[in-house]
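Colleague: Make a model of this:
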Amino acid sequence: MTAAYRPVPAHVDLPALERDIIALWENEGTFEESLARREGAPRWTFYEGPPTANGTPGVHHVEARVFKDVFPRFRTMQGYLVERKGGWDCHGLPVEIAVEKELGFNGKPDIEAFGVAEFNAKCREAVLRNVDLFEQMTERMGYWVDTDDPYRTMDTSYVESVWWALQQIFDKGLLAEDYRVAPYCPRCGTGLSDHEVAQGYETVVDPSVYVRFPLTSGPLAGEASLLVWTTTPWTLVSNALVAAKADITYVAVSDGHETLVVAEPLVEKALGEGWTVDARFEGSELEGWQYARPFDLVDWPDDNAHYVVTEDYVTTDDGSGLVHQAPAFGADDFASGKRNGVAMVNPIDPTGHFEVGLGLVGGAFFKKADAALVEDLQRRGLLFRHLPYEHTYPHCWRCHTPLMYYASPAWYVRTTAAKDALLRENEGTSWFPETIKWGRYGDWLQNNVDWSLSRNRYWGTPLPIWRNDADPSRLVCVGSLAELSELTGRDLSDLDPHRPYIDDVTFTVDGEDGTYRRVPEVIDAWFDSGSMPFAQWGYPHVPGSEEKFRQAFPAQYICEAIDQTRGWFYSLMAVSTLVFDQNSYENVVCLGHILAEDGRKMSKHLGNILLPVPLMDEHGADAVRWFMACSGSPWQARRVGHGALQEIVRKVLLTYWNTVAFHALYARTAGWSPSDPAPAVAERPVLDRWLVSRTQELVSEVTTCLERFDTQRTGALLSQFVDDLSNWYVRRSRRRFWEGDPAALATLHETLDVLTRLMAPLTPFVTERVWQDLFRAADPDAAPSVHLASWPVADETVVVKGLDDQVALARRITELGRAARAEAKVRTRQPLRRALVPSRAWDQLGDALRAEVCDELNVGALESLAGASGDLVEYSAKGNFRSLGKRFGKQTPAVAAAVASADAAALAAGTADGGTYALDLLIDGEPVTVTADDVIVSERPREGWAVVNDQGETVALDLELDAELIRAGAAREVVRMLQEARKNAGLEVSDRIRVTWTASGDIAEAIRAHSAQIATEVLAVALEEGPALVDGFTATDDDLGVTVCLVKAPA
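Modeller: Numbering: from 1, shown residues only. Next up, the predicted model:
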């Protein structure tokens, strides 16, 4: 019979294999077929978080894409329709800053001189420039996603959808302009949202200064100074108030030279020792005390400033308990100034520089002004202490410029008004890991602030609000170009909705004075990506978009790196909750960051970058995918490097491949086909029944893990199973495969069928090759691809309860037996007469597994220890003086002597498992007992035995060798020698051979005595003592003293 399998080479080039599979998928349209076959099936939706393609892809991009691919493949095999629409994030600061660098620009003036239209055209070009590189990486790693019809956030239909969402929010009264202090990048000239700020903190060293503010009113006027702490000396120029807390106790303290006012709990921390308390005041008593401001570099418009107020946010965690306030540069300061009617003085322009002409710091960048200001405070005797202070400070998440908290008008989405709804939706969302839900992300929601939406930039979705220039309170929020066409009375359907073209669109309203002109801002690009659940379809304007949206909302699954808890994960939830009162995703997986092998972040500067495609071309995409999904906790930061990938290839992929190649080889050799009849599972040998049972248990376990998004556990289960399959089942069954046993061949075929499907979502390439060569080749009705096959469903009827535990016990016994051989330095091929095993093992194993253990340990018989361990091991005991000394003090020598004279075997047995042993000794009339901690017990096998005891289990090998056992061992060495000679001669495993040999003495006797066994093992039709054969392959083993010659026998 012709074998149904294709030949499977023993050696495989995994990267080359993967390139062949990519071509196969392309030629057969496998991805498209996976969608077509599931048409009409229940839907399982995942959203692709859109990357920005203005840069080149890095290995960190692979991580999320692996997770985005694994679960859609898994759910497709389970029978769901899983559409996979790709997308590109096109707008925003990342693109603008990259284009500025290319053009050599240094900020907004350069852009406006160049021309907004021309600059935005460059941005449009830039976001498409590296799409090919991303698509190359996507294809190379086997990520199936529709890149032929992706959504792009810059497309007109997408922009109109975003406008529609903003209109819904505006109509609910949740989008409005306000004058607030907000994070601001002076280099980019725009405000930022809090979730952008959260991604840009950097560790810096700033001056920490304690400054004297001399009191000019109150009971201590002219006698004392307020001591104020700040890490932003540049804001002291605009100081307006000092805040205390009403219920904190403040003290006036002196050291004989001066008097300072600080919070009482902070005296020692702020001042050190040697200060005497002169007076105490409640914070409420300080209210209204006036002081001399630290700098008079700017004019103040009135006298309502420079006095103490009380605020609840003041703490005694650090500083002095007195907080300097500059309303232009802090949200709390701004609110306090507003409450107290204090003017806001801001000497810093939108580029972050102090006004030119200002004394001391005129024209200086705000962060560069600190040194001069601190020096001036020192010179004037106002600086009490100056220390370097290392802390995290917000920087622009794209250009890395230090941010200011800067008072300016901006448009805000009132997410605080939706806080309860956001918390409700988060409660109904499953987070992986779960700790993120009410930890990192939940804390973010609990402390939610309004979304600073507007950006004073160019390349972004224009804010669709038109303002009446005669009455600025009159606003119109536009939801589409069609609506704008109606307002203007002209067809704007072909208008590019970006700046500057949209800026030129104006309209009037009957009965109103003035002209409506668009406000100049664009919006936060995170609102773009947060709108993708509906905007990807052009909802609600594009025909058919409503049905597509409703079918794919909400998503069952999204996945990105953990920093997206304050990025895309938040914007998705916020936008959909504000617009639809419902979260847009049900399950979210948060991934840790990928680091270089040295544990540092990958960077060109450090020279530790691994490029994704070359990495996959070296080790294979399957290895990279396995690492990303299964190596360590995906929630934690992980190090990727060549060593880890090589280990995956060796331990997992090649072990799996070698098992497949072994099976294909012997199935073809035997002429076996999967269609051949095989015994029922219940009638097969014990290892077959175990493997079938274990395979079905694996199906249940892996399915459960993947349904819980637990790829780490999935990988552990699969890699352990692959190891068990290769290094236990196949190795123990090798003779049966040589003999073409139908039960063994059928069992391994069935197992590889299931295993290949279980591994397919994680390692799509190698499993596809195996599917094509074994299962598609052998079965005309098989699915054309493993990724078009059905996910296995566990068959509980073939699961044998307790059998896996029995086999595990057998393997444990063999491990101990091999350890005993190693300790005794007896080679594995030397047969021994018997092995003694624990009575529990003897009772549980049964005849079949006892036989397996005998064969594996190469012993003639397996017998129960039945209490024989005392005869096999000699014990000695002595006192552990460290433990005895603590317990018995001066009596320790007497106790140690009693230990030494005790029955060591009985003492070992008594102190085992937490027990005690009574010594033949009394102290103060009481018997002395000892525990395992008090004694040091040594054991060694009796002569003629190798004994290993571990975790309460003992295996003993009888080492006595008679002549027959020695001859049997020598015969096995000859078999090994002949197998190596066959391999070196280039023979196929099925080739029969003729052998001649020469030897003398004991080895010759061994060959003669075991010639039939040797011939069977090496497929020899003749094994004759004599000279070398003509044209034969000759091999000599000097250690054995044997020379053999072999030739291929005629068929």
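
Colleague: Where do the domain boundaries of this protein fall?
Modeller: 37-178+417-448+527-591, 203-350+357-392, 466-515, 639-797, 802-961, 963-1048 (automatic domain parsing).

Colleague: Determine which of these approaches V12 most closely.
Modeller: Evaluated over these, closeness to V12 peaks at domain 639-797, with 5.4 Å, by Cβ to Cβ. Bear in mind the C-beta positions are built from the backbone N, C-alpha and C, glycine included.

Colleague: quick one: average confidence on the closest one?
Modeller: For domain 639-797, the mean pLDDT works out to 95.

Colleague: Give me the nearest residue to the residue nearest the centre of the chain, chain neighbours excluded.
Modeller: In the chain, the residue lying closest to the centroid (Cα atoms, centre = their mean) is P634, at 2.5 Å. Once flanking residues are discounted, P634 sits nearest to L591: 5.3 Å by Cβ to Cβ, 6 or more residues apart in numbering.

Colleague: Mind listing the residues bridging to that neighbour?
Modeller: Assessed by DSSP bridges, L591 has beta-bridge partners A561.

Colleague: where are the low-confidence patches of the stretch 801-950 of the chain?
Modeller: 866-871, 939, 941 (pLDDT under 70).

Colleague: Just the strands from it, written as ranges.
Modeller: Here the stretch 801-950 of the chain has its strands, by DSSP state E, counting those that start in this stretch, at 832-837, 859-864, 873-879, 917-923, 926-930, 935-941, 945-950.

Colleague: If you rank every helix and strand of this protein by mean pLDDT, what lands last?
Modeller: In the chain, the helix or strand scored least confidently by mean pLDDT, DSSP states H and E is helix 869-872, which has a mean of 61.

Colleague: picking up where we left off before, for the residue nearest to P634, grab the count of nearby residues.
Modeller: The burial count assigned to L591 is 24, neighbours taken as other Cβ atoms under 10 Å.

Colleague: same deal with the one 3 residues further on?
Modeller: The local packing of I594 (other Cβ under 10 Å) involves 22 other residues.

Colleague: shouldn't it be in contact with G641?
Modeller: No - I594 lies out of contact with G641 (Cβ atoms under 8 Å); the separation is 10.6 Å.

Colleague: burial measure for E815, as a count.
Modeller: The burial count for E815: 15, using other Cβ under 10 Å.

Colleague: no wait, G489
Modeller: 9.

Colleague: Got phi/psi on the closest residue to it other than its chain neighbours?
Modeller: Closest residue to G489 apart from its sequence neighbours, by Cβ to Cβ, 6+ apart: F507 at 7.5 Å. Per-residue torsions, F507: phi -160, psi 160 (degrees, to the nearest 10).

Colleague: F507 and S485 touch, don't they?
Modeller: No - counting by Cβ under 8 Å, F507 does not reach S485; the two are 9.9 Å apart.

Colleague: just to revisit the earlier point, tell me if I'm right that the residue nearest to P634 and Q564 touch.
Modeller: No - with contacts counted by Cβ under 8 Å, L591 stays clear of Q564, the gap being 9.0 Å.

Colleague: Give me the common contacts of the two.
Modeller: Counting by Cβ atoms under 8 Å, 6 or more residues apart in numbering, L591 and Q564 have no shared contacts at all.

Colleague: contacting residues for T565?
Modeller: Applying Cβ under 8 Å, 6+ apart, the residues near T565 are I436, R440, Y441, W444, C590.

Colleague: In helices only, show me the residues you listed.
Modeller: Those of these mapping onto helices are I436, R440, Y441, W444, per DSSP state H.

Colleague: Would you map the strands across the stretch 951-1051 of the chain?
Modeller: 953-958, 993-998, 1020-1025, 1033-1037, 1042-1048.

Colleague: Ok, which of these comes nearest G29?
Modeller: Among the strands of the stretch 951-1051 of the chain, strand 1042-1048 sits nearest to G29 (Cβ to Cβ), with 46.1 Å.

Colleague: Which other helices and strands does that closest one contact?
Modeller: Strand 1042-1048 sits against helix 963-984, strand 993-998, strand 1033-1037, with contacts defined as 3 or more Cβ pairs under 8 Å, 6 or more residues apart in numbering; DSSP states H and E.

Colleague: The same query, at a cut-off of 10 Å, please.
Modeller: Here strand 1042-1048 touches helix 963-984, strand 993-998, helix 1001-1009, strand 1020-1025, strand 1033-1037, going by 3 or more Cβ pairs under 10 Å, 6 or more residues apart in numbering; DSSP states H and E.

Colleague: who does it pair up with?
Modeller: Here strand 1042-1048 is paired, per DSSP bridges, with strand 993-998 (antiparallel), strand 1033-1037 (antiparallel).

Colleague: Nearest to F134, out of these?
Modeller: strand 1033-1037 (54.7 Å).

Colleague: For that closest one, buried residues please.
Modeller: Neighbour-count burial for strand 1033-1037 flags F1033, A1035, D1037 (criterion: 16 or more other Cβ atoms under 10 Å).

Colleague: ok, back up a step: generate CSV for the strands of the stretch 951-1051 of the chain, with mean pLDDT and distance to E815 as supplementary columns.
Modeller: Converted to CSV, the strands of the stretch 951-1051 of the chain look like this (pLDDT from 0 to 100; distance: least, Cβ to Cβ, whole Å):
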stretch, mean pLDDT, distance to E815
strand 953-958, 86, 9
strand 993-998, 93, 35
strand 1020-1025, 92, 33
strand 1033-1037, 93, 29
strand 1042-1048, 94, 32
